[in-house]
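> All I have is the shape, not the residue letters:
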């Protein structure tokens, strides 16, 4: 069933290529992605959220030679299920939302989108490191073409930069995969890249090898996430990519990095993860604050959203390396949230870009008057990105900060405090952008050429700007629905991944502290007694809060 | 020593070689007596190469030595016979239109290609250094002539002369190396050398004598010249650039494969017992590893600055020799298998890339610059797509065959403790991403204006219109594309064969 899910989009890719006509190719891609979504829902209906391990696994021998063996091994757990649904959902939304944006070589574009979807699903399903690597690389090619052929003015620079950055990381990962397989072979007698087997073996390797392997994997994922200071490819790629590319890039591709961090870095090398957790949390917090500060000074809407991604991904990294239940669960929820809210920001801005063909904030204004529907939906996306309670963004940021606060691994609350400042900064840059973008006086084309002051009258172009069409509403309404749903009823979603994330966290903390029940108290070493008891009370309150949420 | 006896089995074992040699002679005759040039030589060559490949496949499970222990008759020798035959098939298919455009007869080309393939088979099946030497010379002499095939073109003559002079010099080194190894082991038979190295006392004597190291060093110089590895690569870009494109394609694939087959046979298989002596093993690994790294970095970095696609492919072939040398440096059977897989994939992808270049070349060596490829994705989508597949495969990106080639080589290197070399190799690969990608950038991302404007103004647009290749050239490209796609998804086809490679 998973194989069907992974490879079905390829049918659409071939179909779109053979279609040759733009309209036909679009419909083939859309129908394929809808069927893929239905398959993913079917997978979900067969998925049991009460089991922590891998489910629906399929394993076939692929390349088996003496001394080398990798299998076609796919399976999902709560974390992958979540991300697969996000992928299939966002692909449909993207195709609908950008229906008319792509005008040249449409069949090729649609085929690449389908290959991209197949690759992304494949990444989230792979349980063999080698298969994972193959899908990871396969994604690179369609994205490279999407940016390079259909992108903006500096598309070639952006595409090549994206490719080389990612390739640098992934080649290192390839060495690490081979090395790990061989080292595992020394322990068990068989070369293997099957992660269910490696989980048992990797911890027994000499600690310095674990460190090297951890760093190689982490570097590759850190480039993809991206973690400061490896983020410089992101603003270029996001800005120059066509709308559909930006949405998928922000919505799903970045999650591959964080997914990899949880699945492989934490999963395979817990000891090394502890040793480097401080480094990654510091970088995460730097990313949050740096991303926010740089966002603030952007004049280009897409660049601003791109830098806000750096900040948002910082929260996820912080949550992951806090290694607490809340932190990891929060990180996962934040991955989904970021996919929805940043995806929607890019999508909606893309709609406006199709109408006005400029990315400068200063060229816009007064949209609330001319296109009220657009302004309202864009506002929801902004609020969600800011982290307004009641919308999805809040719950993820809250959980990651809480996780960082109580983490026995980090052992200090300062990360949580610093990262909280990122929330405030996010409110500043996003709301300021929203104000300049949507409110104020309507602007449009070049200022009127005749002499007298024309402030009161908007330019004809601004009036000509159309509000959202039915097609665009079909794309954005489901996203808003999910934002509200996650924001108001997070437990409906979090149950799906709860068992998985808790098990990952518990395994890690057990290794760290030797005892899971001591998690809270051990995290409070070095805090005064009164403060400690207060915190225990607080954390109890939080837990009961979660319990009450769950009971709803 | 046994009296020298030859039986029918011996001849049956070298059947691919005999078929290719016979075809070559027939083609020469046909070519000489034909009044009007026809396609007969092409068909004959194809027929011969297919027959040779078929007998090679039938003989894959053979075991043992033939011609009194001089020649291998196992999976290794026969697999390489098949590979060279496939190389011949692709080369002549590509050459037909290309040579017609340049007014050279296909017959001469086919015969020389067939003779050089005979030399390659001798290289891959030589179980005696003397046979290896004979193979190397047979191959090289045919190559010297092939490089100068375009008699009227100055570059072609220069290439032939350069190749010949430097090649003759390197042959001297090679022969001297054989002499010194004979001095060490009192034999040139590879089985006997393996046996000598397996006895601890004899191995110790050999591995501590300067004569052995001098001999191995000389031998390596000879091989490194033939495979165009740093620092003996200097001839390669000029020769590849000056030779006819299809000839360069054949040099850099089958020719390289022949030399590598022999090198691997000597280092990874015959001298495998060196592993028992850690100091000597380490020394050999270091020498080979440094040659490998030098080739990778030199080739890739220099390729970065090339604007002529043929030269770029020449430098990239130096880099690929480096990757394969890393497999040799592993000094293990795993390394030998890895190099074989790499060579197979490399034959397809390099031949495919050169094939595209040959197809787009027109008017006496025009259409070779990077700018001539601008907008190719729009003008000639199929050619651009094939070129992209070749470039992605050369970069080593899954799901194309080149990825598995690199994967196996690096795995072999890491298994033998060369982790650092593997990491540096990956960095070299990263450098290569840039120029392989640049071709795709030019083909797809840059608008055709410059290219088309140039054509309209200058050459009458041959590139865009009449340059459409004949069916045979398309067939060669199709073989290459299908080959690397299949090997990229199911490399097991090859790895399963590797069992038979080491049958004694």
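Received, thanks. Small disclaimer: the values here were computed from a predicted structure and weren't measured. Numbering: from 1, shown residues only, chains lettered A, B, ... in the order given.
> Tell me which residues touch residue A:270, please.
Residues near residue A:270 by C-beta atoms under 8 Å, 6 or more residues apart in numbering or on different chains: A:203, A:507-508, A:511-512. Placement of C-beta: from N, CA and C, glycine included.
> nope, residue B:92 is what I meant
B:42, B:45-46, B:49, B:106, B:109-110, B:113.
> Check residue A:272 too.
Listed by C-beta under 8 Å, 6+ apart, the contact set of residue A:272 reads A:207, A:210-211, A:213-215, A:265.
> tell me the phi and psi of it?
phi -60, psi -30 (degrees, to the nearest 10).
> And for residue A:59?
According to degrees, to the nearest 10, residue A:59 has phi -140, psi 130.
> Who is it paired with across the strands?
Under DSSP bridges, the beta-bridge partners of residue A:59 are residue A:73.
> Help me confirm that it comes into contact with residue A:71.
Yes: counting by C-beta atoms under 8 Å, residue A:71 is a contact partner of residue A:59 at 5.5 Å.
> Show me which of these two is the more surrounded one.
residue A:71 (19 against 14; other C-beta atoms under 10 Å in any protein chain shown).
> which other residues reach the helix or strand containing the more buried one?
Secondary structure assigned from DSSP states H and E places residue A:71 in strand A:68-76. With contact meaning C-beta under 8 Å, 6+ apart, strand A:68-76 is reached by A:2-3, A:6, A:43, A:47, A:54-64, A:84, A:122, A:124-131, A:181, A:190-194, B:408, B:411, B:495.
> From those, list the buried ones, please.
Buried by 16 or more other C-beta atoms under 10 Å in any protein chain shown: A:2, A:6, A:43, A:47, A:54-56, A:58, A:62-63, A:84, A:122, A:124-131, A:181, A:191-194, B:408, B:411, B:495, out of these.
> Now, those that are in strands?
Among the buried ones among the contacts of strand A:68-76, the ones falling in strands (DSSP state E) are A:55-56, A:58, A:62-63.
> follow-up on the earlier one: which of the contacts of residue A:270 tops the neighbour count?
Using other C-beta under 10 Å as the neighbour test, the contacts of residue A:270 are led by residue A:508, with 23 neighbours.
> which SS class is that residue?
Secondary structure, DSSP: H, G, I helix; E, B strand; the rest coil: residue A:508 is helix.
> where exactly do the strands run in chain A?
A:55-65, A:68-76.
> Now mean pLDDT too, for the ones you listed, in CSV please.
Shown next, in CSV, are the strands of chain A (pLDDT from 0 to 100):
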stretch, mean pLDDT
strand A:55-65, 78
strand A:68-76, 82
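> and residue B:119, how many neighbours does it have?
Applying other C-beta under 10 Å, I find that residue B:119 has 25 neighbouring residues.
> follow-up on the earlier one: the strand holding residue A:71 to strand A:55-65, inter-axis angle?
170 degrees (axes from the mean of the first three to the mean of the last three C-alpha atoms, to 10 degrees).
> and chain A, which residues reach chain B?
Contacts of chain A with chain B, taken as C-beta under 8 Å from any C-beta of the partner chain, map to A:62-65, A:67-68, A:133-134, A:137-138, A:140-141, A:144-145, A:148-149, A:155-156, A:159-160, A:163-164, A:167-168, A:171-172, A:174-175, A:178-179, A:181-182.
> how about a cut-off of 6 Å?
Within chain A, the positions adjacent to chain B are A:63, A:65, A:67, A:134, A:137, A:148-149, A:156, A:164, A:167-168, A:171, A:175, A:178-179, A:182 by C-beta under 6 Å from any C-beta of the partner chain.
> okay, and for chain A, where does confidence drop off?
Residues of chain A meeting the criterion pLDDT under 70: A:64-68, A:443-465, A:514-552.
> State the helix or strand in which residue B:215 lies.
Using DSSP H and E, residue B:215 maps to helix B:210-226.
> That helix: which residues count as buried?
B:212-226.
> Spatially nearest residue to residue 432 (excluding sequence neighbours)?
Going with chain A. residue A:296 (7.3 Å; C-beta to C-beta, 6 or more residues apart in numbering or on different chains).
> that's the other chain; I wanted chain B
What sits nearest to residue B:432 in space, not counting adjacent residues and going by C-beta to C-beta, 6+ apart, is residue B:300, at 4.5 Å.
> what's near enough to touch residue B:384?
Residues near residue B:384 by C-beta atoms under 6 Å, 6 or more residues apart in numbering or on different chains: B:376-377, B:443.
> What subset of the residues you listed is buried?
Going by neighbour count (16+ other C-beta under 10 Å), the contacts of residue B:384 have B:376-377, B:443 buried.
> Closest one of these to residue A:478?
Closest approach to residue A:478 among those (C-beta to C-beta): residue B:377, at 35.3 Å.
> Return the subset of the residues of chain A next to chain B lying in helices.
Applying DSSP state H to these, the entries found in helices are A:134, A:137, A:148-149, A:156, A:164, A:167-168, A:171, A:175, A:178-179, A:182.
> What is the burial count for residue 486?
Here I'm looking at chain A. By other C-beta under 10 Å, 24 other residues sit near residue A:486.
> You answered for a different chain; I wanted chain B.
Using other C-beta under 10 Å, residue B:486 has 14 neighbouring residues.
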